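Visitor: below are the sequence and a predicted model; questions follow.
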Amino acid sequence: MTQANHSGSNTLVRWVNSHLMKKQLKIEKFPEDLENGVLLVQLYECITGKPAKKYSQNPKTEFQKLENVQVAMDLFKEDGVKVDTASDVVVKGNTKLILGLIWSLICRYQSIASSASTLEFLRDEAKFSGQKVEVTGKLKTDLQSGFLLAVLINNRYPDAIKLEDLSETDHVANLQMVMDFAEKEMKIPKLVLPEEIASGTLEDQALITYLSYFPKKDEPKTPRSTPRGPPPVDDQITKLQSEIQALKSELATHRSNEEAMAKDRDAASEKLATCEQQSSDFKIQLENFKNQLESSQVQLENSQKDHDASKSELQVALDKLRKSEENSTRTKSQLEKENLQLENSRKEAEQEWEIERQDYEREISELREKLDAAMLESAGGPNMDALIQNMEAQMEAQKQKVLELEQSKMKLQQELEETRQLFEKEQQRLSDLATQKEKFQVEIENLQSRLVEEKSESSELKEMLFKLKVQVEQSSKEEEEIMTRRDARESNLKEVQKKLKEVLKEKEKAEKAARDAEERVAKAKKAKEEEVRKMKQKLQDENKGKVEKDEEIKKLKSE
């Protein structure tokens, strides 16, 4: 927004505030303060002096705000204002359209002239003053120094502002002095500021609005030579009567507001009772939800314990199965290794025995051959018997050795048989372990299926628990909202009661002011009657003196 547009919008807002100040109200933040419609209804009452229809004085919902704005729009339409602005535009804070609405109100209640008429008015004023003040036709320039505004004031209050005291350079100081006088003596509100006029950036619309407060040619001006004195008695009576009428109107407005507030208070009490009942119902429902939640938590904890127990049992069974598999695998490999070693030992022993047997047979064969040869060579000799005995001893030793080898062979075969039996036992043990493994696998599958079922039940319980928690949170949130609304309604009720007390005080003040005004009117009437009586008495005395003088003149003439 440009500076000129911003200053123009400030002018319109100040115009509204100049009327709202009658009720000690003010727009602090534009356009937010107008969005609920309360100040617009108050503005209607301040401008027209008429009581407004029933409206929500403390709207909370958007519907109540729209309703308030619509009430204000309807009131202004009925009073002749051309309103083309929708109520939702005001509630949404559309600055441009709200300013257009305010300008429509100014055009209806302020008698805004056109730019040409305003310039003609200024030229007439400058000419009437007899001062050398130039009107160029550009409002921004003509009013910038403050001299022309001083002329307007002097035409109504002669010599109120001395033009020679105005500065040629400090235009802001000039405008400040002139506008202060206009505000104090002529009751012209400062819709524009001195620095805004001195800057030369204000729009003509804002300047024309400010100038509209100065009396025109057809309105009476204060005579130059006649000092201002107290108004006559009739004017005082008329003024007092208008004040009485205004006080009566304000009293009627207060009474209607009081009735509306009483209705609002009753409605608020009913709503408060309903909210308390709803809050009690929600508390009961919340308590039920909490009990269900605690029961579900207990079920979930029990299910979790069963699940943990099953899990631990399954873990123990799995550990046993792993250990059994490891032992069986280790035993099987060990047996196979030992069996292979025994088989290799047996084969090696058989090979060694066969080689030794062949060696023994070969030695025996050689011995026999030697024996036969010796027998042929020394048949019948003396050493023959000794040789034969020696050979038989050697053969016996060889037979004993063969026997030992046979015994060793039998021992090896026995050990091999024992090893085979042990291997068969281990094979049976492995078969039993395989069977046990299958049983464990079945148990694992059963436990896994149970675990899946328990997980499904646990997930269902968790889902149910989550839903219950969500419901509890929603109930708690609704309860908080109800409590908030109840607190707000209690606050509104207190505010209504406070406003009711203020209205009663204002009513008492208004009634007292009305009584005082009536007393002043009675006194003024009595003073007027006394003044009339004295004037009549004076006239009678003068007439009597005149008659006596006429009689004396007649006597003198007759003499």
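Guide: Everything's here; your move. Numbers count the residues shown, from 1 in each chain.

Visitor: where does the spatially closest residue to residue 350 that is not a sequence neighbour fall, helix, sheet strand or coil?
Guide: Excluding the flanking residues, the one nearest residue 350 by Cβ to Cβ, 6 or more residues apart in numbering is residue 409, at 7.4 Å. All C-beta atoms are positioned from the backbone trio N, CA, C, and that covers glycine. Recorded secondary structure, residue 409: helix (DSSP: H, G, I helix; E, B strand; the rest coil).

Visitor: now residue 409: how far from residue 353?
Guide: 6 Å (Cβ to Cβ, to the nearest Å).

Visitor: next: residue 134.
Guide: Taken as Cβ to Cβ, the span from residue 134 to residue 353 is 154 Å.

Visitor: tell me which of those two has more neighbours.
Guide: residue 353 (16 against 11; other Cβ atoms under 10 Å).

Visitor: point me to the helix or strand that includes that one.
Guide: helix 233-377 (DSSP states H and E).

Visitor: now that helix: average pLDDT?
Guide: Mean pLDDT, computed over helix 233-377, is 69.

Visitor: do you have the helices of this protein handy? List them.
Guide: 3-20, 38-48, 62-78, 87-91, 95-109, 115-129, 139-142, 147-156, 171-185, 194-199, 204-211, 233-377, 384-558 (DSSP state H).

Visitor: the ones you listed into a markdown table, with extra columns for distance to residue 56?
Guide: Formatted as a markdown table, the helices of the chain follow (distance: least, Cβ to Cβ, whole Å):
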| stretch | distance to residue 56 |
| --- | --- |
| helix 3-20 | 18 |
| helix 38-48 | 8 |
| helix 62-78 | 4 |
| helix 87-91 | 13 |
| helix 95-109 | 20 |
| helix 115-129 | 41 |
| helix 139-142 | 42 |
| helix 147-156 | 43 |
| helix 171-185 | 35 |
| helix 194-199 | 36 |
| helix 204-211 | 31 |
| helix 233-377 | 8 |
| helix 384-558 | 10 |
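
Visitor: nearest to residue 31, out of those?
Guide: Across the helices of the chain, residue 31 has its closest neighbour in helix 95-109 (4.9 Å, Cβ to Cβ).

Visitor: mind checking the pLDDT average for the closest one?
Guide: 91.

Visitor: who's in contact with that helix?
Guide: 8-9, 12-13, 15-16, 30-31, 34, 43, 47, 76, 79-85, 89-90, 112, 205, 209 (Cβ atoms under 8 Å, 6 or more residues apart in numbering).

Visitor: list the buried ones in that helix?
Guide: 98-99, 101-106, 108-109 (16 or more other Cβ atoms under 10 Å).

Visitor: what's the pLDDT at the residue nearest the centre of the chain?
Guide: Centroid-nearest residue in the chain: residue 481, 13.6 Å away (criterion: Cα atoms, centre = their mean). pLDDT, residue 481: 73.

Visitor: from residue 64, how far out is it?
Guide: 17 Å.

Visitor: same check on residue 362?
Guide: 133 Å.

Visitor: neighbour count winner among the two?
Guide: residue 64 (17 against 10).
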